[in-house]
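S.K.: just to be clear, the model below is a prediction. Sequence and coordinates:
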Amino acid sequence: MGFSAKQVQALRRSLNSRHVRTREANGRELSYLEGWYAISEANRIFGFDGWNRETLDARCALARENRGSFFAVYTAKVRITVHAGRTIIVREGHGSGEGRGVSPGEVHDIGLKAAETDATKRALSTFGRPFGLELYRKEKTAVPTRERILTPGESPPMQPRVGLHPDDTTPIPRPSHYYGRRHQNSMSELLRKDQAKQELPVGKIDKSELSIPEPKRLRDKAHLQFVASQPCLVCGRQPSDPHHLRFAQPRAIGLKVSDEFVVPLCRGHHRQLHQAGNEMAWWKGLKIDPLTTARQFWEQTHPEQRQSNKSDASSDVATS
C-alpha cells in the first residue's frame, strides 16, 4: 500500500448525498456522479500530478440520421494510473455515451466525450466510496449524509458547479468583467495583494536554501488570472486556460510546478496537449518555446523579478 495516511482516510470516507444526481432513463431513476466531480475528487485525493487517464479504445457503436437529426452511440475503454509513493496502481473501466443534435460533428464529439467520462467514472469507482462505488449496487440504499446541522437562520453553503478542465476541474475563477477593460485596471491591485502574501510564514523553512535544495513552487492566483486573459499561445483564440508546463520542474506527488511556468492555451489545444503524452515533443513539433513565454509573462506581473534578472546579467558581464 503506497497511499499516505491522509489519502487512505479520504478513500474510506463515505460519499455525501448532496453530490449525487438523478435522472430518468428507460422508465427508471438512475443515481450518478457528474464527471467533473469524480475527476475533481481524483485530483484532490491523488494529487493533480499523481494520476493520469488514458483512453485505450473508443469506437462508434451506432450512427443514424433522420430528417436532418443525428444520433450516435460510442463505447470507450479507459485506463487510470495512480502513482502512490513507489507503487503504481492501474485500474480500467468501460463506458458508453450518446449524442443527439442537428450537427453531425457535435453529435459524435458529445457521444465520444460522454463514453470516455462514463468509463473514467467506472474506473475511479474501484477506489471505493468517495467515487460512488455504492451507486453501482443493484439494490442501493440511501447514500449516508455527513452534512453539518445548520443553526436556525443559517443558510447552507454555496456549492457552485465548475466547468470541465483537462487537468484541473476547479479552474481559476474569472471575474465578471473578464472580457472588459476593468480586468486590466484591477489586475495591478490583485497583484499587489497577492505579492504581499508571498513571504514565508514564521517558522517556515525555505527549502531552496538547503544544502540539497528543492525547487520553489510559487503560487500566485493573480498571475494565473493574468495568463488566462491572454490569447492561446498556439492559435490566438480566447478564452484560455493557464497551463502549467510539467517538464519545467521535477515531478512531485500532488504538486504542480511553480506558477512561474504557466502559458495560455485554449480549451481545444489544452486537451490536445494532455492527450499527446510527451509534452516536450508536442511543443517542439509546433516550434514554440513555452518556457521563454512563461518567463516573459511572469516578469510582466512581477516587475521586481525583471529588475533582478537585469542586475544578475549586468554583474555577469562585469565579472567576465
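M.R.: Perfect, thanks for sending it. Numbering: from 1, shown residues only.
S.K.: show me the domain layout of this protein.
M.R.: 5-136, 182-198+214-315 (automatic domain parsing).
S.K.: so for stretch 228-247, mean pLDDT?
M.R.: For stretch 228-247, the per-residue pLDDT values average out at 90.
S.K.: can you pull the buried residues of it?
M.R.: In terms of neighbour count (16 or more other C-beta atoms under 10 Å), stretch 228-247 has its buried residues at 228-230, 232-234, 239-246. All C-beta atoms are positioned from the backbone trio N, CA, C, and that covers glycine.
S.K.: check stretch 92-109 too.
M.R.: 93, 95, 97, 99, 101, 107-108.
S.K.: flag the shaky bits of the stretch 151-300 of the chain, pLDDT-wise.
M.R.: Applying pLDDT under 70 to the predicted model, the residue ranges of the stretch 151-300 of the chain that meet it are 151-215, 252-254.
S.K.: swap in 90 and give it another go.
M.R.: 151-219, 238-240, 246-258, 267-268, 270-279 (pLDDT under 90).
S.K.: sorry, back to before: out of the buried residues of stretch 92-109, what pair is the most spread apart?
M.R.: Farthest pair in those (C-beta to C-beta) is Gly93 and Gly101. Separation: 26.2 Å.
S.K.: who touches Pro264 in this structure?
M.R.: For Pro264, the contacting residues are 227-228, 230-233, 240-243, taking C-beta atoms under 8 Å, 6 or more residues apart in numbering as the criterion.
S.K.: pull the contacting residues for the residue lying closest to it once chain neighbours are set aside.
M.R.: For Pro264, ignoring the flanking residues on the chain, the nearest one in space by C-beta to C-beta, 6 or more residues apart in numbering is Ser240 at 3.6 Å. Contacts were defined as C-beta under 8 Å, 6+ apart; by that measure Ser240 touches 227-232, 264-266.
S.K.: so of those, which ones are in strands?
M.R.: 264-265 (DSSP state E).
S.K.: for the chain, which segments count as helices?
M.R.: Secondary structure of the chain (DSSP state H): helices located at 5-12, 35-46, 104-125, 182-195, 221-228, 267-276, 279-286, 290-301, 303-319.
S.K.: now the angle between helix 35-46 and the first one, please.
M.R.: Using axes from the mean of the first three to the mean of the last three C-alpha atoms, to 10 degrees, one finds that helix 5-12 and helix 35-46 are set 150 degrees apart in direction.
S.K.: which parts of helix 5-12 are buried?
M.R.: Here helix 5-12 shows 7, 10-11 as buried, counting by 16+ other C-beta under 10 Å.
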